[in-house]
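Engineer: curious how this folds, go ahead:
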Amino acid sequence: MAVSATPPHVAIAGAGLAGRLLAWRLLRAGVAVSLIDSRRREDRDHAAGVAAAMLAPYAELVVSDAALFALGEQSLALWPQWLAVLQTQTGRSVDFHQQGSLVVAHAPDQPGLAHYADLIRYRLPADKRDAVRSLDAPQIAALEPALAGRFARGLWLPLEGQLDNGQLLDALQRAIDQGMADVGGQWLQDTTVSGLSAHSVHTACGQTLQADAVIDCRGVAANRPGLRGVRGEVLTVHCPQVTLQRPVRLIHPRYMLYVVPRSEGRFVIGATELESQDSGLVTVRSMLELASALYSIHPAFGEARLLRLAASLRPATDDHQPVWEQLAGVWHLNGLYRHGYLVAPALVRQAEQSLLTRLAPAGLSTLDTMQ
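Structural biologist: The predicted structure follows:
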């Protein structure tokens, strides 16, 4: 990586998933980065830290569209490449699996499962419909032995994946620190942004940072027109008695539960989606619904130990499309909604390429943007 004598400087407000990924990519390209965030770096009570981090463009077609599906496919191709680079740089591995996802339903909800499958196939391009495979009970048992005899019908989406978001955020933190030491910049934590302009960031403590470009990645905190918070709540449990190889989704008349396996017998469970600006603690109603649906998947989950109850606000636009745009000189990367880990690499790559093209006159010589 060749870096000019005076590298350009970018200020990024917000150190969630998009902010960290973009900071890492720009630092690798020789851009000095100042990262400003209202939270401490280790804080995980935000959208990026609470998410289940499923990479599920097919399953999400029931609530998305062709544009988001395309971004999801691009990101699925980028994740293993970027994670390999991240591991080489930091020595930190991130659990990444691409063994698909399984969708099941109890007997009374089988019509819902059939409708779900029909909707995905209808919205898929014709050449991709083979990636949606209906299963009978023996096929479900072969795929997930722990679920043998529990479901008569299912759906397998073999191309989907998942990653461990906690490990990813930690690895990105380490890589950003290394990049700032090599190229320049700073990470300002516990720092509230009070104002942004095309070339400056103002903080609540009276500090002003000058930059060649300013990017707002603050999610709901950006408080921009047309952006709202959608509350999501998850449980994390420890249940070594159950082994699952891939995320399992449970069709239900009121919600669709997802159970995502993690290492060491941990599982992340979620489903709730509330139009609310409340980022407070998980409610009793949500906990009971999630726990009872989890128990219905496998009775051993009744003995699971609760490790974490968490809620966060996911930033959503009116049309649920993510945005990468410039307003009044400030760049905005926002609106990732429930698709954050699914679409982030593709969006960050767009942002990276756009910024590097514009920053070249500011002193950037040779750009390392191929990995």
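Engineer: so Val234 is in contact with Glu273, correct?
Structural biologist: No. Using C-beta atoms under 8 Å, Val234 is not in contact with Glu273, being 11.2 Å away. C-beta: built from backbone N, CA, C; applies to glycine.
Engineer: more neighbours, these two?
Structural biologist: Val234 (22 against 17; other C-beta atoms under 10 Å).
Engineer: neighbouring strands - and their directions - for the helix or strand that one falls within?
Structural biologist: Val234 belongs to strand 227-238 when elements are defined using DSSP states H and E. Using DSSP bridges, strand 227-238 pairs in its sheet with strand 266-270 (antiparallel), strand 274-275 (antiparallel), strand 305-317 (antiparallel).
Engineer: tell me which of those strands lies nearest to Ser292.
Structural biologist: Comparison of those against Ser292 by C-beta to C-beta identifies strand 266-270 as nearest, at 10.9 Å.
Engineer: what does that closest one contact?
Structural biologist: 52, 232-239, 242, 244, 257-262, 290-291, 293-294, 301, 304, 307 (C-beta atoms under 8 Å, 6 or more residues apart in numbering).
Engineer: repeat that with 6 Å
Structural biologist: 52, 234-238, 258-261, 290, 294 (C-beta atoms under 6 Å, 6 or more residues apart in numbering).
Engineer: nearest to Val10 among those residues?
Structural biologist: Val10 lies nearest to Ala52 out of those, by C-beta to C-beta, at 30.0 Å.
Engineer: ok, the closest one touching Val259?
Structural biologist: No. Look at Ala52 against Val259 with C-beta atoms under 6 Å: they stay out of range, at 8.9 Å.
Engineer: the lengthiest helix in the chain - contacts with which helices or strands?
Structural biologist: The single longest helix within the chain, with elements called by DSSP state H, is helix 66-90. In terms of contacts (3 or more C-beta pairs under 6 Å, 6 or more residues apart in numbering; DSSP states H and E), helix 66-90 is packed against helix 165-183, helix 340-359.
Engineer: next one: Leu359 from His9, what distance?
Structural biologist: The spacing between Leu359 and His9, counted by C-beta to C-beta, to the nearest Å, is 9 Å.
Engineer: what's the neighbour count on Ser200?
Structural biologist: Counted with other C-beta under 10 Å, residues neighbouring Ser200 total 15.
Engineer: may I have the secondary structure class of Tyr122?
Structural biologist: helix (DSSP: H, G, I helix; E, B strand; the rest coil).
Engineer: and it, how close does it get to Ala105?
Structural biologist: 19 Å.
Engineer: ok, residues contacting the strand holding Val234?
Structural biologist: In contact with strand 227-238 (C-beta under 6 Å, 6+ apart) are residues 50, 220, 265-270, 272, 274, 276-277, 282, 286, 290, 304-316.
Engineer: which of those count as buried?
Structural biologist: Buried members of the contacts of strand 227-238, counted by 16 or more other C-beta atoms under 10 Å: 50, 220, 266-270, 272, 282, 286, 290, 304, 310-316.
Engineer: so where's the stretch 1-150 of the chain shaky on pLDDT?
Structural biologist: 1-5 (pLDDT under 70).
Engineer: for it, just list every one of the helices.
Structural biologist: Applying DSSP state H, counting those that start in this stretch to the stretch 1-150 of the chain gives helices spanning 17-28, 47-50, 66-90, 110-123, 137-143.
Engineer: okay if I get those helices as a markdown table plus distance to Ser101?
Structural biologist: Below are these laid out as a markdown table (distance: least, C-beta to C-beta, whole Å):
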| stretch | distance to Ser101 |
| --- | --- |
| helix 17-28 | 20 |
| helix 47-50 | 19 |
| helix 66-90 | 12 |
| helix 110-123 | 12 |
| helix 137-143 | 10 |
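Engineer: so which of those is nearest Gln350?
Structural biologist: Comparing the helices of the stretch 1-150 of the chain by their distance to Gln350 (C-beta to C-beta), the top pick is helix 66-90, with 9.2 Å.
Engineer: list the buried residues of the closest one.
Structural biologist: For helix 66-90, burial by neighbour count (16+ other C-beta under 10 Å) applies to 68-69, 71-76, 79, 82-83, 86, 89-90.
Engineer: ok, stretch 276-295 next?
Structural biologist: Neighbour-count burial for stretch 276-295, counted by 16+ other C-beta under 10 Å, picks out 282-283, 286-287, 289-291, 293-294.
Engineer: what of stretch 248-264?
Structural biologist: In stretch 248-264, counting by 16+ other C-beta under 10 Å, buried: 248-252, 255-262.
Engineer: can you check stretch 44-59 too?
Structural biologist: 44, 46-59.
Engineer: from those residues, pick the one nearest Val348.
Structural biologist: Nearest to Val348 among the buried residues of stretch 44-59: Ala48, at 12.7 Å, using C-beta to C-beta.
Engineer: quick one: contacts for that closest one?
Structural biologist: Contacts of Ala48 (C-beta under 6 Å, 6+ apart): 16-17.
Engineer: equivalent analysis for Tyr337, please.
Structural biologist: Contacts of Tyr337 (C-beta under 6 Å, 6+ apart): 314, 316, 320.
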